[in-house]
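K.L.:
the following block contains a protein sequence and its predicted model.
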Amino acid sequence: MNNNKTLLALCIASCLAVSAQADAATGYTQTKYPIVLTHGMLGFDKLLGVDYWYGIPATLRRDGAKVYVTEVSQLNTSEARGEELLAQVEEIVAISGQSKVNLLGHSHGGPTIRYVAAVRPDLVASITSIGAPHKGSAAADFIRNVPPGSAGEALLAGITNALASVINLLSSNPSSSPQNALGALESLNSVGAARFNAKFPQGIPTSACGEGAYRVNGINYYSWSGISPLTNFLDPTDLLTGAGSLTFKGEANDGLVGRCSSHLGQVIRDNYRMNHLDEVNQTLGLTSLFETSPVSVYRQHANRLKNASL
Ligand code: CA
């Protein structure tokens, strides 16, 4: 009798294993072109072994996607970060044997990937930004109120550059470019963002809060974002997004980026119950219990790209 039970248990276990393999074989996330992920300000590829895109690359790979995680300067202008990313995209194209990539960028990663699409459209199949401040961030505008050239500005830049250097040092593939906090701030405030958009307008909505063009120069443009600064009381970074949300004066935001500023190309959704860190499934998967898992949103998007033959 006990032997029969053991056999039954083994059978169930092996049947489950077969079913898991069958799922992997469905190719739900098997896009034609590789998926390339680009982090935001103070971001990284892996920090002490922990993904910036927490659990996302592994999930996408499990169902067939080829995923590359890039690392660029933690703090710099969108153009400087874009040049760094372009070099990595050229490498990925050479390694993968595919002529193009699907670029996904979180936060400052959004303008960074747009730069690559604008200067080398031949290498890009699609652009997807997540919680990106395309029209600037009220939080950056707030910090920009520190008088330029003042001792306060020097102190702020010094602390932020030092923090970025530590993150860079502890990450898997440290970037060799210098940290430039004031350059990052210049790109992320609304005046700097407007200047960037005038040079690289692809996919940017022409109205204050509408959608942008869905396809420019043969490249599809997509975006999504959250509007809930506080989502999980167990996550200490809710303090950061909670404080950041106070700079928005009532406009819907994810704690660091406003709802309308996040719009690029086709807006998949702009009101997820997510804050700026939830958008990359941080911290360590601590997100809202009352919202779709951020990982599922990426999974569905990979399937969207696949269905668009991208
Ligand atoms: Ca969180």
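P.N.:
Arrived safely, thanks for sending.

K.L.:
please count neighbours and contacts with C-alpha atoms only from this point.
P.N.:
Noted.

K.L.:
how many other residues sit next to Leu37?
P.N.:
Residue neighbour count, defined by other Cα atoms under 10 Å, stands at 23 for Leu37.

K.L.:
who in this structure is up against the ion?
P.N.:
Near the ion, the residues belonging to the chain are 278, 282-283, 286-287 when assessed by Cα under 5 Å from the ion.

K.L.:
switch the cut-off to 8 Å
P.N.:
The chain has residues 231-232, 235, 237-238, 274-278, 281-288 near the ion, with proximity defined as Cα under 8 Å from the ion.

K.L.:
can you flag which of those belong to strands?
P.N.:
For the residues of the chain next to the ion, membership in strands holds for none, with DSSP state E as the criterion.

K.L.:
state the phi and psi torsions of Arg144.
P.N.:
In terms of degrees, to the nearest 10, the main-chain angles of Arg144 are phi -60, psi -20.

K.L.:
pull the contacting residues for it.
P.N.:
185, 189 (Cα atoms under 8 Å, 6 or more residues apart in numbering).

K.L.:
quick one: Arg61 is in a strand?
P.N.:
No. Counting by DSSP: H, G, I helix; E, B strand; the rest coil, Arg61 is located in no strand; its state is helix.

K.L.:
correct me, but it touches Tyr68?
P.N.:
No. Under the contact definition of Cα atoms under 8 Å, Arg61 does not touch Tyr68, with a separation of 10.0 Å.

K.L.:
residues contacting Asn102?
P.N.:
Applying Cα under 8 Å, 6+ apart, we find Asn102 in contact with 33-36, 124-128, 310.

K.L.:
tell me the bridge partners for it.
P.N.:
Asn102 forms beta bridges with Ile35, Ser126, as assigned by DSSP bridges.

K.L.:
neighbours around the residue in the stretch 101-250 of the chain that the ion sits nearest to, how many?
P.N.:
Here the stretch 101-250 of the chain gets closest to the ion at one residue, Asp235, 5.5 Å apart by Cα to the ion. Asp235 is surrounded by 17 other residues when neighbours are defined as other Cα under 10 Å.

K.L.:
Ala208 now?
P.N.:
10.

K.L.:
now the phi/psi pair for it, please.
P.N.:
Here is the backbone geometry of Ala208 (degrees, to the nearest 10): phi -60, psi -40.

K.L.:
excluding its backbone neighbours, what's nearest it?
P.N.:
Of all residues beyond its chain neighbours, the one nearest Ala208 is Cys260 (7.1 Å), with distances taken as Cα to Cα, 6 or more residues apart in numbering.

K.L.:
now swap in Ser261 and tell me
P.N.:
Counting by Cα to Cα, 6+ apart, the residue nearest Ser261 is Lys135, at 4.7 Å.

K.L.:
about what we covered before: ok, so what distance separates the residue nearest to Ala208 from Glu251?
P.N.:
9 Å (Cα to Cα, to the nearest Å).

K.L.:
ok, these two, which is more surrounded?
P.N.:
Cys260 (21 against 15).

K.L.:
OK, contacts around that one?
P.N.:
208-210, 270.

K.L.:
go through these and name the one nearest Ile159.
P.N.:
Minimum separation from Ile159 among those (Cα to Cα) is found for Asp270, which lies at 32.4 Å.

K.L.:
which element is that closest one on?
P.N.:
strand 266-272 (DSSP states H and E).

K.L.:
so which elements touch that strand?
P.N.:
Under the contact definition 3 or more Cα pairs under 8 Å, 6 or more residues apart in numbering; DSSP states H and E, strand 266-272 sits against strand 219-226.
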